[in-house]
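Chemist: structure of the sequence below:
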Amino acid sequence: MNFPLALHMHPTPAMPHSMQPPTGIRWGLCCQFLDHDIHFRTATHRYVSGLAPEERRRYLADIVRANTAALRDAVEACHAMGIGAFRMNSQIAPLATHPASGYVLADLDDADARDVDGAPQPALADAFRAAGERARALGIRLSFHPDQFVVLNSERDDVVRSSVQELEMQAGIARLVGADVICLHAGGAAGGVPAALERLERGLDLLSSHARTLLAIENDDRSFAPKDLAPMCARTGVPMIYDAHHHRCHGDGLTVEEATALALPTWGAREPYFHLSSPRDGWDARNPRPHGDYVDPADFPDAWRPLRATVDIEAKDKERAVRKIMRDLGVERPGLGTRDWGQDMEGRGRMEASPRQRPSNVLSPVPSPESRPYHPT
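Modeler: Okay, the predicted model is just below:
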């Protein structure tokens, strides 16, 4: 799915940015819920390794199927709250890339399986597709953020290989559900930032074109600032996810406005992605890196107010925090969960709004490159 980018062009005289409600923001929830009975199940190799092969298959199949249902429930809940994006748990298919317990989805299917009503159960890939189709119908943007063990620029070849395998697996699931972004940190900075970024570019070359098309690189709070990533993003065509909290923890001399201006063009015609959080113990704390329960509205950058973009809220209180920042900024029910344009399931944007409904400066979506996708089936 490509999400088209648009900057709101306000007629003059325009109110100052600091007074404009950010009505163009698609607010994102990350992975979990507190107030909804929606849970994603996981599994451990230690447990499944003790199961007989058929019992293991059934056990993992039940978990993955439950997670496809949870994803659909998550999409419905987000839509009901006016939340327009959902970050999927990277373990939605747990152990899929484990060297001993790994599988592809087709390994788990049982042609004779029946649901509680006695009807044949759909293949797991089809269950993922159904959840993705519902997300598309409701305008919910889906994404992944791999775990910290995915380090594409590692100095260890085995870590790079396992990272590529994990990214390809997530790209396969993303293809099924229509997710258009896999957010990745640049990785470790061993040998210095320039050498680390060179390794990252070599790692990018190991990915299939489909996985690479989905990848976006986020500035982190210790090693890689926006100014470090921007040249690489320009060279490789991989977009930058700008995290304002990380930038304040690990600066590079750029203002938020300047860093935002660096990140925006890396997305081309796609809707850009940002991350937002506030420090748990305040900005004067010895360590301002840990995320707080909520986001201080003062931490929402004025530079983002006129944008149409996705902003994932990284806060401990999950949907409560997303709803609160929406209320605080005067956009509790912005209607962005049902935007007037959608995307097809192959990653090519398609505008559905009438010309009258579209912002005057919406950029035409750029088709994704032809890919050789990883199929998790």
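
Chemist: which parts of stretch 131-140 are buried?
Modeler: Neighbour counts over stretch 131-140 (16 or more other Cβ atoms under 10 Å) mark 131-132, 134-136, 138-140 as buried. No exception for glycine: its C-beta is placed from N, CA and C like everyone else's.

Chemist: can you check stretch 282-291 too?
Modeler: In stretch 282-291, counting by 16+ other Cβ under 10 Å, buried: 288-289, 291.

Chemist: between the residues you listed, which sits nearest residue 163?
Modeler: If you rank those by distance to residue 163 using Cβ to Cβ, residue 289 comes first, at 23.2 Å.

Chemist: distance from the chain centre to stretch 204-211, please.
Modeler: Put simply, stretch 204-211 sits 17 Å off its chain's centre (Cα atoms, centre = their mean, to the nearest Å).

Chemist: quick revisit: take the buried residues of stretch 131-140 and write them to JSON lines, including secondary structure, pLDDT and distance to residue 235.
Modeler: Listed next are the buried residues of stretch 131-140 as JSON lines, based on DSSP: H, G, I helix; E, B strand; the rest coil; pLDDT from 0 to 100; distance: Cβ to Cβ, whole Å:
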{"residue": "131", "secondary structure": "helix", "pLDDT": "98", "distance to residue 235": "35"}
{"residue": "132", "secondary structure": "helix", "pLDDT": "98", "distance to residue 235": "31"}
{"residue": "134", "secondary structure": "helix", "pLDDT": "97", "distance to residue 235": "37"}
{"residue": "135", "secondary structure": "helix", "pLDDT": "97", "distance to residue 235": "32"}
{"residue": "136", "secondary structure": "helix", "pLDDT": "97", "distance to residue 235": "32"}
{"residue": "138", "secondary structure": "helix", "pLDDT": "96", "distance to residue 235": "36"}
{"residue": "139", "secondary structure": "coil", "pLDDT": "95", "distance to residue 235": "33"}
{"residue": "140", "secondary structure": "coil", "pLDDT": "97", "distance to residue 235": "32"}
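
Chemist: quickly check those for the two that are furthest apart.
Modeler: 131 and 139 (14.5 Å).

Chemist: how far off centre is whichever helix or strand residue 72 is part of?
Modeler: Taking DSSP states H and E as the definition, one finds residue 72 inside helix 53-81. With Cα atoms, centre = their mean as the basis, helix 53-81 stands 18 Å off its chain's centre.

Chemist: quick one: strands adjacent to whichever helix or strand comes after it?
Modeler: Next along the chain after helix 53-81, taking DSSP H and E as the criterion, comes strand 85-88. Strand 85-88 sits in its sheet next to strand 25-30 (parallel), strand 141-144 (parallel), going by DSSP bridges.

Chemist: of the ones you listed, which is nearest residue 193?
Modeler: Among the strands paired with strand 85-88, strand 141-144 sits nearest to residue 193 (Cβ to Cβ), with 25.1 Å.

Chemist: mean confidence for that closest one?
Modeler: Averaging pLDDT along strand 141-144 yields 98.

Chemist: buried stuff in stretch 265-284?
Modeler: 266-267, 269-279.

Chemist: low pLDDT regions in the stretch 201-350 of the chain?
Modeler: The stretch 201-350 of the chain contains residues with pLDDT under 70 at 333-350.

Chemist: show me where it has helices.
Modeler: 209-214, 226-236, 244-249, 256-263, 318-328 (DSSP state H, counting those that start in this stretch).
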